[in-house]
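Asker: Below are the sequence and a predicted model; questions follow.
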Amino acid sequence: MQFSIPRFWRERASHYRLKAVKCRKCGRINYPPSSVCRYCGSKDLEEIYLDKEKAKLLTWTIIYTTPIGFEDKKPRIIGIVETVETHVKILAPITDVLPEELKEGILLEPVLRRINQDREAGLIHYGIAYRPVIKTIGGT
Ligand SMILES: [Zn+2]
């Protein structure tokens, strides 16, 4: 993916946050955010951010092959997590944990992590990843 530096800086806030919208009519949360509630069709929506909440690990996959620019991230763990308060399912990298330490239902917290580096432009891209709140080595 090619990013221009000005565009990257313009958009950086959205890369660092997990934005969603909460419907003021039906109360449901739309993630990814949309301009119309996908449950009731209302346009009366407020922005909320999901990256303040802890989340539980639902499922995950381990990727051993990595594209150019991601080589230092082998293997990568991609999980589906569910936020504990708003119950939104999010696809996100899982970090600071070994694959064998993962268990369904473990509590995770969002952290800002380097996702990859664009060597040509010299940019380092950051994004939200999730890491275990308690290290699982030796059981909890
Ligand atoms: Zn709604």
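Answerer: That came through, no problem. Residues are numbered from 1 along each chain as shown.
Asker: CA atoms for contacts and neighbours, from now on please.
Answerer: Will do.
Asker: Enumerate the residues of this protein near the ion.
Answerer: Contact residues (CA under 5 Å from the ion) of the chain with the ion: 23, 26, 37, 40.
Asker: Recalculate using a threshold of 6 Å.
Answerer: Neighbours of the ion within the chain, by CA under 6 Å from the ion: 23, 25-26, 28, 37, 39-42.
Asker: Just the buried residues of those.
Answerer: Listed as buried from the residues of the chain next to the ion are 23, 28, 37; burial here means 16 or more other CA atoms under 10 Å.
Asker: pLDDT below threshold where in this protein?
Answerer: Where the chain drops to pLDDT under 70, the residues are 1-15, 70-73, 116-119, 121-124, 135-140.
Asker: Repeat the analysis, applying 80 as the threshold.
Answerer: The model of the chain has pLDDT under 80 over residues 1-16, 66-74, 114-126, 135-140.
Asker: need the contact list for the residue nearest the centre of it.
Answerer: The centroid of the chain falls nearest to residue 92 when counting by CA atoms, centre = their mean (3.7 Å). Residue 92 sits next to 78-81, 128-130 when contact means CA atoms under 8 Å, 6 or more residues apart in numbering.
Asker: So which of those residues is the closest to residue 48?
Answerer: Closest approach to residue 48 among the contacts of residue 92 (CA to CA): residue 128, at 15.4 Å.
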